[in-house]
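Engineer: got a predicted structure here, sequence first:
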Amino acid sequence: MFPIVLSPLSPSPVRDLESSSKETKNEAFCETGNRSHLFVLRRFLSCWILIFGCLLGTTAWGQTEPKPDAQDWPRFLGADINSTSVEKGILKDWSNGKLKLLWQTELGEGYSMCSVADRSVYQFDKKDGDARLRCLDFDSGDLKWTFKYESNYSDLYGYDAGPRSSPLIDDGRIYLFGVEGMLICVDRDTHQAIWKVDTAKTFGVVQNFFGVASSPVVHEDKLIVMIGGSPPESAKVPPGQLDKVTANGSAVVAFDKFTGDVIYKTGNDLASYASLTWMKNGTAPTLLAWARGSLLGIDPNNGKIEFSFPYRSKKLESVNAMTPISFGDKIFLSECYENGSILLSAQGDKIKTIWKDQGKRVKALQSHWCTPVVADGHLYACSGRNFGSAELRCVEISTGKVKWEQPGFGRCSVLLIDKHLIVLGERGRLALVKATPEKFTLVTERLADEELKLVPNCWSAPVVAGGRLFVRGGRRLACFKLILGK
């Protein structure tokens, strides 16, 4: 398939869809059928370009955007949103500096992990009151360019005030979703904003416990985002009392990825910290959005809710944070506050439970924020809410049976590559573990030294791209040579 790139009608000046004229606001936020003639014309032309692309060939499930390079990591958890790399030939002895540190750079506030495309590294953080996107050289870590905007977010619980979500790279554009709710499309060539939407202001989002953390997805001409807005009266609710905040039908919003105009909004729920993902069962994908209260299955083309399944702890200060795992018609969810894990089967609008954790003590998996990886019918992930009780586990998917468990990492993140797990503990332990259900087998690890000390909190998921391993430890990004010869 040849890449089909539709450039915006006017990349400069920035299309600010909140503070522009009444005509522009109506164009951006009116319901379908009431759009301006200009927007209708733009959509008409976009459709014909996409149709032409289909004649040249389309990717799976009808998506017309080109498939990212297998060695790129263009978004949170990678191109397939599963924290899995297809690269082979990884180094299996990291002792005595054999896992070579190529470069490292200081970061600002936040927990966002980098994205990688076309031998450029894109890092989103906050420095001196500005949220900033920095483009770094893949080989040296040198700064190429910076885009920034003012961010006034303050965390209710004193955590870092920087971004949580990762940059999303799609052709010539980079999408940012800031912790304060600013949604921005940045041109990769001009390094300037094409359009921006203050989603908190536009949809009435009441700040939740830790700000915005969900990463968006792209489907054809749409950028789909978990928003979770509320009616005006909810703005009067005291901070942190989310049980008194109501929803206004904007759990998920689809924007035109070229212009920022709203295409549809759907789902009556508040936002969670879980990123959007796909269930690819059949000829068309279903969007999975694990919102604050329920798992929603959504037709990405029109926003129709295909199914809804309530799943959240009854505790007020509980969150859903792991990205749902899907394989065939099965969906796996896990949280650490009360319910634990559940395996579902979704057939059309019917959804049923295959197994779920029972009781308060015995849990197959209690995922805090770590999204499990899947290999040969088994899940590998961190289980536990706090450092002292958390451990790395292997769980049989079909039954929920725990095959092995290993403490010593605290709360950790996991990446699957070449039949191994790269495990990053929250206090900086970096290890390579065999992805086998037989037993926990530590292959090698990189110990802290004078060259690099990964400072807590190491809460960001590792990235592998082009034979390099990228790890964030607190306010430092490090790049290692994971595959020799690359």
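Structural biologist: Right, received. Where do you want to start? Numbering: from 1, shown residues only.

Engineer: tell me, how many residues neighbour the residue nearest to S234 when sequence neighbours are not counted?
Structural biologist: The shortest distance from S234 to any non-neighbouring residue, by CB to CB, 6 or more residues apart in numbering, is to V245 (4.6 Å). All C-beta spots, glycine's among them, are computed from the backbone N, C-alpha and C. Number of residues near V245 (other CB atoms under 10 Å) recorded here: 22.

Engineer: contacts only, for V245.
Structural biologist: Shown in contact with V245 (CB atoms under 8 Å, 6 or more residues apart in numbering): V206, S230, S234, V237, L270.

Engineer: assumed the first one was part of a strand.
Structural biologist: No. Secondary structure of V206 (DSSP: H, G, I helix; E, B strand; the rest coil): coil, not part of a strand.

Engineer: against K453, how distant is S115?
Structural biologist: Relative to K453, S115 is positioned 25 Å away (CB to CB, to the nearest Å).

Engineer: per-domain residue ranges of this structure.
Structural biologist: 1-58+124-273, 78-111+370-486 (automatic domain parsing).

Engineer: low-confidence regions, the protein specifically.
Structural biologist: For the chain, the stretches with pLDDT under 70 are 1-13, 17-70, 360.

Engineer: who does the closest residue to P372 other than its chain neighbours form a beta bridge with?
Structural biologist: Distance criterion CB to CB, 6+ apart; nearest residue to P372, sequence neighbours excluded, is A381 at 3.5 Å. Beta-bridge partners for A381, by DSSP bridges, are R393.

Engineer: for A321, give me its contacts.
Structural biologist: Counting by CB under 8 Å, 6+ apart, A321 has contacts A213, S272, Y273, A274, E335, S367, H368, W369.

Engineer: again, only using 10 Å
Structural biologist: 164, 210, 213-214, 272-275, 290, 334-336, 367-371 (CB atoms under 10 Å, 6 or more residues apart in numbering).

Engineer: what of C336?
Structural biologist: 313, 318-319, 321-322, 363, 365-370, 382-386, 389-390, 411.

Engineer: and if we set it to 8 Å?
Structural biologist: By CB under 8 Å, 6+ apart, the contact set of C336 is Q366, S367, H368, S383, G384, R385.

Engineer: returning to what we had before: just the buried ones from the contacts of V245?
Structural biologist: V206, S230, S234, L270 (16 or more other CB atoms under 10 Å).

Engineer: check these and tell me the two furthest apart.
Structural biologist: With CB to CB as the measure, no two of the buried ones among the contacts of V245 lie farther apart than S234 and L270, at 9.4 Å.

Engineer: rewinding a little: with distance to K280 and secondary structure as extra columns, can I get the contacts of V245 in a markdown table?
Structural biologist: Formatted as a markdown table, these follow (distance: CB to CB, whole Å; DSSP: H, G, I helix; E, B strand; the rest coil):
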| residue | distance to K280 | secondary structure |
| --- | --- | --- |
| V206 | 33 | coil |
| S230 | 32 | coil |
| S234 | 35 | helix |
| V237 | 38 | coil |
| L270 | 27 | coil |
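
Engineer: can you put the residues you listed in TSV and add distance to T190?
Structural biologist: Formatted as TSV, those follow (distance: CB to CB, whole Å):
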residue	distance to T190
V206	35
S230	35
S234	38
V237	41
L270	35
